[in-house]
Every structure is written in C-alpha cells, then in structure tokens.
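*Asks:* Just the structure for this:
(one chain, ligands or ions: 1)
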Amino acid sequence: MSIDLSTPPVPISFEVYPPRSDAGVAALHETIRHLASVDPRFISVTYGAGGSTGGRSLELLTHILRETHVEPLAHLTCVGNTYAGANTLIREFLDAGITSFLALRGDPPAGASEDDAFLGDLGSAAELVQLIDRVQAEREPYTEALIPGVPGAVRVEKRARVDIAVAAFPNGHPRSRHAFEDIDALLAKQAAGATLAITQLFFHADDYLAFVARSREAGVTIPILPGIMPITSGARLRRVLELTGEALPADLAIALDVEPTVEGQRDIGIAHAARLAGEVVDGGAPGIHLYAFNNHDTVLAVLREAGVLTTTTHLEKEAVR
Ligand code: FAD
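*Replies:* Numbering: from 1, shown residues only. Purely as a prediction, here's the structure:
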C-alpha cells in the first residue's frame, strides 16, 4: 500500500498516539476500527511524543496493518539516537511491513531545552528523511516480479519508494528566526526525499493558504496537508498553545471561555474545526489531516459538519443489519 491523495472524495487522514498503558489498548483498537470505517488514506501514530515509546508505536502500527485496510504511517524522531541506532530502528519498522513514515526532529525531552544537546547524531528532520530512504534502498535495492507463464523467471524492477512525510509550520516553528527559514527547512526536506508535508495545527484558513502560496513560490512542489485539531475545551486550548508555541486565537478562546457547559464547548470546537476544514478544502488543500486525540467521535463529527463525510460508514451499515 502507499499514500494516494489523488482520488476523490476529499482524502482524509488521522493522527493517534500509542496507549500509555495496557488498560487503554482495547478502547484505542475500537477507535481505530471506527476511524478505519471512513476509509482514510492513512492513520499516523506518534513517536516519543508525551512519553510514548517506540515499542508501543510499532505495536499499534502493526495492529493497523493487520486489522484494517488502512495504510499505517509511523512518526520517527531524531531525539537521542546514534546513526546506528536510527538505522536499526528504521529496519525494525520496515521489517514489520511499515512503509510510510513521518520524519521529525522531535522536541527536547521534559526538563531539557532547545540549547541542550538532546538530538544525537541526526541534527534535523531532513537528515532523518535521507536516512530512511538510504536504509530502504540498502534493504531492498530492487524488486522481483514473476513473469506469468514462464515458471521460475522473474523481472527485476525498480524498488517501490517508501512514502516519507515531514512537518511544516504555517505560523513558523518556534526555533525559526524569520518566516523564510521555515520554507527553507521545508525545501531542504523536499530535497532530501520527502514526498508529503503535514502542517502543525493552525486556527485560521488564511494561515495555511498563505503558507502554501509562499511555499509554492519558493519551489515546494510536494502536497502540503493541513493538520486540523478540534479544540473542544479551554483547557485543551491552553495545553496545545503551551506545546506548540502557537499564538492565542482570541475568537476561539473567548467563545470557549464564555460557554459554561462541556457539551457546548465541544460543539464550539467541532464547528470551528469543521469551518476550517471546509475553508482550506475550498482553497485547494489536497486533503484533511485530523489530530484525533485517540477519540473517533469528535473527528468524525468534524468531517460530517464540514460536509466531507456524507455517506454511511461501514460500521453504521453493520449496526443496522
Ligand atoms: P526540523 O525540520 O529539523 O526543524 C524545525 C525548524 O527548525 C525548522 O522549521 C526551521 O525553522 C528550524 N531549522 C531547521 N533546520 C535549521 C537549521 N539548519 N538552522 C536553523 N534553523 C533550522 N514530535 C515528537 O516528538 N513525536 C511526534 O510523533 C511528533 N509528531 C508531529 C507531527 C506533526 C504533524 C508535527 C507538525 C509535529 C510533530 N512533532 C512530533 C513535533 C516536532 O518534533 C517538533 O515540532 C520539532 O520541534 C520540529 O520538528 P521538525 O521535524 O519540523 O524539525
């Protein structure tokens, strides 16, 4: 399988994170079943973020590979790894059948800062993109296809390239000193072999659309998928701003602040994300990538409200049988 963003309807994809304990596994598998039922182009699984371990990421990716028809996409980071260690890790994922990656630099671990030496041998996401490509080329330099009707004969074909996504920052990465640095970083990742970019969350469609326009002008040709996060409470908004360094979206913050009920706040978050999704698709986005927070109800509600999910899902069909 590989990632295909070219066929209608609007391609959708989701991000989940590995369960933090064994207790969360069954519920997450149920969420994956629901997410898979709407035919996303891929489901991505975070790595190292919020303390999740590589082992748990790979277990979840393997579950998606075995139990659904959806392409699993593995996040990998540069944090704390030697070349040899990163090489072994990438091989382990490829050996498990994972062929789509999101190559990230990663953030400093808790208690460390950007100035600390937390990275290891790989200094940026672009270097990790190159390494993934190289490891796959060494592991599988070519593929062999059987020739029908000629027993024992094979045709040597070019290897299928792995899909390598990278992160992009419509409102700038906290580390970049000016807006062009983010575009330069994206160009470097594209030159290293990235085939897709997924954006950090943003709160206004123009943030994304203007960033795509600037990127195209600078020579970025890979698809740039908008990453949309439904913000369903004031507490989640504060936490997300803390983690990403994004500026406070005053309109959304005020709406969440004045709404007293949990259900009301959730509706505001869904409506905001749905509006954003509709606007970026109208503006030419190649699909919608939703940060699911390991919950299917909210992101599926966003897609319905945005008019992207209009048909009955497989699970709903099963339920009425
Ligand atoms: P890079 O592209 O290497 O660089 C980040 C920024 O630093 C660039 O945009 C640029 O502004 C600047 N920069 C890069 N190179 C240079 C240079 N040579 N000189 C000066 N400045 C430079 N983190 C996790 O730990 N696990 C995850 O699973 C995870 N998933 C993510 C998914 C998405 C869609 C996104 C957007 C982020 C995710 N992150 C995750 C967070 C990510 O690791 C951090 O944002 C990290 O700080 C930057 O990663 P990057 O891959 O963009 O890094």
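*Asks:* CA atoms for contacts and neighbours, from now on please.
*Replies:* Fine.
*Asks:* since we're on A194, how many residues are nearby?
*Replies:* A194: 26 surrounding residues under other Cα atoms under 10 Å.
*Asks:* next one: D184
*Replies:* As a measure of burial, D184 has 15 neighbours, counting by other Cα under 10 Å.
*Asks:* So which residues on the stretch 1-150 of the chain come close to the ligand?
*Replies:* Residues of the stretch 1-150 of the chain found near the ligand (Cα under 6 Å from any ligand atom) are 46-49, 75, 104-107, 124-125.
*Asks:* What is the most widely separated pair among those?
*Replies:* For these, the farthest-apart pair by Cα to Cα is T46 and S124; their separation is 17.3 Å.
*Asks:* follow-up on the earlier one: could you dump the residues of the stretch 1-150 of the chain next to the ligand to a markdown table with secondary structure and pLDDT?
*Replies:* Shown next, in a markdown table, are these (DSSP: H, G, I helix; E, B strand; the rest coil; pLDDT from 0 to 100):
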| residue | secondary structure | pLDDT |
| --- | --- | --- |
| T46 | coil | 95 |
| Y47 | coil | 93 |
| G48 | coil | 84 |
| A49 | helix | 64 |
| H75 | strand | 97 |
| L104 | strand | 96 |
| R105 | coil | 93 |
| G106 | coil | 89 |
| D107 | coil | 82 |
| S124 | coil | 91 |
| A125 | helix | 95 |
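*Asks:* how many other residues sit next to the closest residue to F42 other than its chain neighbours?
*Replies:* Computed as Cα to Cα, 6 or more residues apart in numbering, the closest residue to F42 that is not its neighbour in sequence is E71, at 4.6 Å. Other residues lying near E71 total 24 when counted by other Cα under 10 Å.
*Asks:* swap in V135?
*Replies:* Neighbours of V135 using other Cα under 10 Å come to 17.
*Asks:* same deal with the one 5 residues further on?
*Replies:* The criterion is other Cα under 10 Å. On that basis, E140 has 13 neighbouring residues.
*Asks:* got the contact list for it?
*Replies:* E140 is in contact with R159, counting by Cα atoms under 8 Å, 6 or more residues apart in numbering.
*Asks:* if you set the cut-off to 6 Å instead, what comes out?
*Replies:* Contact analysis of E140 by Cα atoms under 6 Å, 6 or more residues apart in numbering lists nothing.
*Asks:* Return stretch 95-107 as CSV; C-alpha atoms alone will do.
*Replies:* The C-alpha trace of stretch 95-107 is given here as CSV (Å, rounded to 0.1, in the frame of the first residue of the first chain):
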residue,chain,number,x,y,z
ASP,A,95,10.7,-5.5,8.6
ALA,A,96,7.3,-5.2,10.3
GLY,A,97,5.8,-4.1,7.0
ILE,A,98,5.6,-0.3,7.7
THR,A,99,6.5,1.6,4.5
SER,A,100,5.1,5.1,5.3
PHE,A,101,6.9,7.5,7.7
LEU,A,102,6.7,11.0,9.1
ALA,A,103,10.3,12.1,9.7
LEU,A,104,10.6,14.6,12.6
ARG,A,105,13.4,16.2,14.5
GLY,A,106,11.4,15.8,17.8
ASP,A,107,11.3,18.1,20.7
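*Asks:* Thank you, goodbye.
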